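# starting from these lines, generate the structure:
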Amino acid sequence: GAYMSVASAMALALLHVASSCAFMAPLPSPCRSFEASSTRLHSRVAAGQMLRMSAETAHVEARRNFLRSALALHLALTVGVAQRGSAEVFFDTERYGDKELKVSTINKVKQQFRALYEKKPELLVPLFRLALEDALSFDAETRENGPDGSVLGRVGGPGGEYLKEAAEEVRRIKSELTRQTQLTAADIIAFGGAVAIEATGGPRIVVQLGRADGNKSSKSGMSSWDFSAPTAEGILAAMTKSGLTAKEAVLLAGAIGSLNQAGQNMKEAIANKVVCDVEDPSCTSEEEGYYGLYSPVTIRSETSNLYGKNRGASAVNSNTGFDSARIAGLAGDAKFSNKFLVDAASGKSDDPLAKALMSDKEMSKWVMEYGKKGNNNKFIKDCEKCYVALTELGRSNTSR
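So this is what the prediction gives:
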């Protein structure tokens, strides 16, 4: 990008010089005036004038050719820059209307995901990974691709089966909400990962709306990250293509590990649910679950004994909404936190992902930093910032 900018500036400078001199007539000199006034050397002057005119014509033509070449160079570079820029992720921040309409759109898509995660917590990790797959298609060197929804075109093929159900849910949500607002798949995917964190007790993540969907499928850096047998090299390769570092690798891996732990606890809690007796005065609508796309789920967990009707609400980050707080209560002591990294830092974890992180000098340094028991708030805060930055890789604020 810097090379193209310098080259374009040089072309403009050449264009300016060329335009200044291409059609400039030669100034008359005292010698020419003297010769022209001498009748004795008339024939010699005439011959000299013819030679000069011929030379000047050739010189002007050469300068005109130079001008045309400089102009052509400038146009070529300008078009080249535009073509490369067109591969970025375009954000139209006015896509969904005024502030009130934007808030309404955000609430609708979040409600869809909260209902989904309460019913199918096993999709927490796949939908978070789907957001990573989409964002990490960004190439920091060419400034191409990014979180533009094109990941949906890659899912289902070799290596993408694990994300198939997550992709289907994104398509379903898009279909459901298209009747009310023109949400893009790219925005829905970005919110899917954010709500996964929020609904398991993490912070409320402010995701920017307005991504335009891409029309070409591109390879993601996540293809280097083998989740069945993760390696340090593969995890780092997934990050470096997009300009990220070992620090971001540990934050995102820590988030995946935490979501996996929370999802397992939530799934177990749902499996052990006890149907609420409608005749029981303590069976209230607040306890019956979120009324969304899926039927309500009624669960009596240990957190309900501790926190009553607002089950789990007091135990999670106060920035989250009531629905997310209540759903997070299903995770019990496995709410979103640095617990996965604490276990990894201890060296006692048998998780393949934890072992891969600790096998690399740079990543293990960040595991030890975020894996300190007193650094949970630091992990959560930095994880939030990392996810927001991830969803804006390759961002261009020019709408198309």
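
# am I right that residue 141 sits in a helix?
No. If the criterion is DSSP: H, G, I helix; E, B strand; the rest coil, then residue 141 is coil and not within a helix.

# how is residue 127 assigned, secondary-structure-wise?
Per three-state DSSP, residue 127 ends up helix.

# now the phi/psi pair for residue 118, please.
When read as degrees, to the nearest 10, the backbone of residue 118 gives phi -70, psi -30.

# repeat for residue 260
Dihedral pair for residue 260: phi -70, psi -40, per degrees, to the nearest 10.

# tell me how far it lies from residue 117.
13 Å (Cβ to Cβ, to the nearest Å). All C-beta atoms are positioned from the backbone trio N, CA, C, and that covers glycine.

# same drill for these two, tell me which one is more crowded.
A direct count of neighbours by other Cβ atoms under 10 Å for residue 260 and residue 117 places residue 117 higher, at 28 against 17.

# any idea of the pLDDT on the more buried one?
With respect to pLDDT, residue 117 has a value of 94.

# hang on, the earlier thing: anything in contact with each of residue 260 and residue 117?
Shared contacts of residue 260 and residue 117 (Cβ atoms under 8 Å, 6 or more residues apart in numbering): residue 124.

# list the contacts for residue 133?
151, 154-155, 163, 220, 222.

# ok, how many other residues are close to residue 388?
15.

# and for residue 140?
14.

# look at it and report its pLDDT.
The confidence metric pLDDT takes the value 90 at residue 140.

# cool, residue 328 as well?
At residue 328, the model reports a pLDDT of 79.

# now it: closest residue in space that isn't a chain neighbour?
Excluding its sequence neighbours, the residue lying closest to residue 328 (Cβ to Cβ, 6 or more residues apart in numbering) is residue 201, at 3.9 Å.

# which SS class is that neighbour?
Residue 201 - assigned by three-state DSSP - is coil.

# just checking, it touches residue 332?
No. At 10.0 Å, residue 201 and residue 332 do not qualify as touching, with contact defined as Cβ atoms under 8 Å.

# the two: who's more crowded?
The residue with more neighbours, out of residue 201 and residue 332, is residue 201; 25 against 18, by other Cβ under 10 Å.

# dihedrals phi and psi, that one?
Backbone dihedrals for residue 201, given as degrees, to the nearest 10, come out at phi 100, psi 0.

# roughly how far apart are it and residue 192?
Distance of residue 201 to residue 192, given as Cβ to Cβ: 17 Å.

# what's the helix or strand containing residue 270 packed up against?
Assigned by DSSP states H and E, residue 270 falls within helix 246-271. Contacts defined by 3 or more Cβ pairs under 8 Å, 6 or more residues apart in numbering; DSSP states H and E place helix 246-271 against helix 124-135, helix 185-198, helix 232-240, helix 339-346, helix 352-358, helix 361-370, helix 376-390.

# name the residues of it that are buried.
Within helix 246-271, the residues scored as buried using 16 or more other Cβ atoms under 10 Å are 246-267, 269-270.

# re earlier: got a quick PyMOL command for the buried subset of the contacts of residue 133?
Buried subset of those, written as a PyMOL selection, criterion 16+ other Cβ under 10 Å:
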select buried, resi 151+154+155+163+220+222
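
# with pLDDT added, can I get the contacts of residue 133 in TSV?
As requested, the contacts of residue 133 are exported to TSV (pLDDT from 0 to 100):
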residue	pLDDT
151	90
154	82
155	80
163	90
220	83
222	86
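
# ok, back up a step: can you tell me which of the helices and strands packed on helix 246-271 is nearest to residue 99?
Residue 99 lies closest, by Cβ to Cβ, to one member of those: helix 185-198, at 16.3 Å.

# give me the angle between the closest one and helix 124-135.
Interaxial angle, helix 185-198 versus helix 124-135 (axes from the mean of the first three to the mean of the last three Cα atoms, to 10 degrees): 140 degrees.

# pLDDT value on residue 177, please?
Looking at residue 177, the pLDDT reads 87.

# distance of residue 209 from residue 178?
Applying Cβ to Cβ, the value for residue 209 to residue 178 is 15 Å.

# tell me which of the two has more neighbours.
Neighbour totals were compared for residue 209 and residue 178, and residue 209 leads with 20 against 10 (other Cβ under 10 Å).
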